[in-house]
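# Need a 3D model of the following:
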Amino acid sequence: MPAAPVLDSFALLAFLYGEAGEAQVAALLEKANSQDAPLHMTEVNYAEVKYSVLRKEGADRWMEIEHALPTLPIRFHPATRELADLAAIYKAAYRISLADAFAAALAKEKKAELVTGDPEFKPLEKEIKILWLTAKG
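Coordinates of the predicted model:
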């Protein structure tokens, strides 16, 4: 059985903001809930989500989201040394953001699909499997 997918911050923000790809992320969350197999996300990507919400909508909105997050079937992973080493390699090789490098590293470590709509991941398609979010789904 393949590992549950890894969400990057783009995917979770699409879900939270009702943006393109929201339905795909919602379907993945429903499936994860029904199979008791949570999706994965790094704490680094969590920080990026928090930063984005705080910047765009403020602390009150973040508090709402923060209270709702534990109800979602997402397992948050710390930045271990092994994960950091692989993230550093991806950041150096592909010139991607540090948060994106951690998402890619977790997907590689878990042998899981990375769920994103961020075109910054395009060069990594030979390294990791990517489930691209679309406006339709």
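# When you work out contacts or count neighbours from here on, use the C-alpha atoms and nothing else.
Fine.
# Can you tell me what sits against stretch 43-56?
Residues outside stretch 43-56 that contact it (Cα atoms under 8 Å, 6 or more residues apart in numbering) are 8-9, 12-13, 59, 61-62, 76-79, 99-100, 102-103.
# Name the SS class of residue 104, please.
Under DSSP: H, G, I helix; E, B strand; the rest coil, residue 104 falls in the helix class.
# got the contact list for it?
87, 90, 114, 128 are the contacts of residue 104 under Cα under 8 Å, 6+ apart.
# From these, which land in strands?
residue 114 (DSSP state E).
# most surrounded residue in the contacts of residue 104?
Within the contacts of residue 104, neighbour counts (other Cα atoms under 10 Å) peak at residue 114, which reaches 28 neighbours.
# Tell me where this structure has strands.
6-7, 39-42, 74-77, 114-116, 130-132.
# Present these as TSV; the columns should include mean pLDDT and distance to residue 19.
Compiled in TSV, these are given as follows (pLDDT from 0 to 100; distance: least, Cα to Cα, whole Å):
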stretch	mean pLDDT	distance to residue 19
strand 6-7	98	15
strand 39-42	98	19
strand 74-77	98	19
strand 114-116	98	12
strand 130-132	97	14
